[in-house]
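Enquirer: what follows is a predicted structure for the sequence shown.
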Amino acid sequence: MQKITRLGMAVATVLAGAALCAPSVPAAANSGGGHKRDGHHAVFVQTDNPAGNQIVAYRRAENGRLTQARTYDTHGLGGVLAGSVADHLASQGSLTYDPRHALLYAVNAGSNTVSVFSVDGDRLRMRQVVGSGGRFPVSIAVHDDDVYVLNALNGGSIQGYTVDHGRLHKEAGRNRRLGLDPNATPQFTNTPGQVGFTGDGSQLVVTTKANGSNLLVFNLNRSGAPARTPVTTNLPGAVPFAFVPNGRHGLFLAEAGTNAVATFTIHRDGTASQEAFAPTGQSATCWIVAARSLLYASNAGSSTLSGFRASDHGRRLTPLGNTPTDPGTVDAATTPDGHYLYVQTGVNGIVDEFAVNRDGSLTPLGSRTVPGGVGGEGIVAP
């Protein structure tokens, strides 16, 4: 645990002095033109501002460049975990798009609430604000009609909801406490990092980061309710932070303790086994995003993105090199076709834009400063 604490302090020190910026190109004309239903040709960014959380909507042109469209209040407050520098929530999935229902879910960590918006192109309409079922919500996951929210403080908890007619309905029987140490410090490395479904929706996974360094897996019954207790897989020293699904029963996991990306299979009994492991050689590898068979891990301490190509069902991870970003690389999103990647850089509240090339390399397109977005987390590109 002393090693993990020193890691957190080192990350904070590196971020405070970071000054590495991605190269930019001249602004291009917005060729996005048409206004499309749902979230097509839009990117949404959450500010997580403690004075008032907002969603900044961007119109995405055909060439991948972003133009700010509108800003929407969530009617809640952002939050800041003690010890955080570039990543106030220290989580992945704080802003989540639900394509089945054309809804956008945003956490309000400082208000213990979740905001629900309907999505039409780059336009949002507030539908609802609901309680998160715990304290300091940091991550949201959706599969079909089931939604789960991860609350980070007071030992952590998950709260389940169902979606009906564009609104969330809290399910009283779907709240589970995680039982983490509520007094472990620093707070930003000792709170849970993400909640998410396996690809087939049969299991719910939570990462605990330094607070146990565990993967917690809740098996779900046919109605979507979780088991009373999770199955725990301990990953000593790994500090599991964030993940994306790999097929029906697998995960690609970003590990902050080892600064690596690993492939795991989640078995029917809830146990997890490692299939592949690839170090980034960078500092504070915490977030991960997928673009078809390509993976990109965000290294907050190095201000870089590390690329990997996954093959043989994830059993092989081939490093593709590192791409510099603005200081404090955090949450990222790729477009559904995998052609563009957008990453939040929290030190100055900037979104960096990249084109994803066939060989996995990234071409910088420019950057956009997010109003009130310093330390913000949460980005989607429907």
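Expert: On my side now, so go ahead. Numbers count the residues shown, from 1 in each chain.

Enquirer: how many residues are close by A172?
Expert: 8 (other Cβ atoms under 10 Å). In short, each C-beta sits where N, CA and C put it, glycine included.

Enquirer: where does it land on pLDDT?
Expert: Looking at A172, its pLDDT reads 94.

Enquirer: you'd agree it is in a strand?
Expert: Yes. When DSSP: H, G, I helix; E, B strand; the rest coil is applied, A172 is found to be in a strand.

Enquirer: what's the nearest residue to L295 if we skip its chain neighbours?
Expert: Using Cβ to Cβ, 6 or more residues apart in numbering and skipping the chain neighbours, the partner closest in space to L295 is F308 (4.4 Å).

Enquirer: R316 is in contact with that neighbour, correct?
Expert: No. Between F308 and R316 there is no contact under Cβ atoms under 8 Å: 9.6 Å.

Enquirer: who's more crowded, those two?
Expert: Comparing F308 with R316 by other Cβ under 10 Å, the one with more neighbours is F308, at 25 against 14.

Enquirer: for that one, give the beta-bridge partners.
Expert: Beta bridges link F308 to L295, P319, judged by DSSP bridges.

Enquirer: 257 is where my numbering starts, stick with that
Expert: Renumbered: residue one is now 257, and that last one reads F564.

Enquirer: any idea how far it is from H296?
Expert: Using Cβ to Cβ, to the nearest Å, F564 is found at 28 Å from H296.

Enquirer: do a quick rundown of the helices in this structure.
Expert: Taking DSSP state H as the criterion, the chain carries its helices at 258-272.

Enquirer: next one: V487 from Y404, what distance?
Expert: Taking Cβ to Cβ, one finds V487 at 16 Å from Y404.

Enquirer: which of these two has more neighbours?
Expert: Y404 (26 against 18).

Enquirer: the more buried one contacts V419, correct?
Expert: No. Proximity of Y404 to V419 does not meet the contact threshold set by Cβ under 8 Å, at 11.6 Å.

Enquirer: so what sits against both of those two?
Expert: Counting by Cβ atoms under 8 Å, 6 or more residues apart in numbering, the common neighbours of Y404 and V419 are V398.

Enquirer: start and end of stretch 405-415, how far apart?
Expert: 5 Å (Cα to Cα, to the nearest Å).
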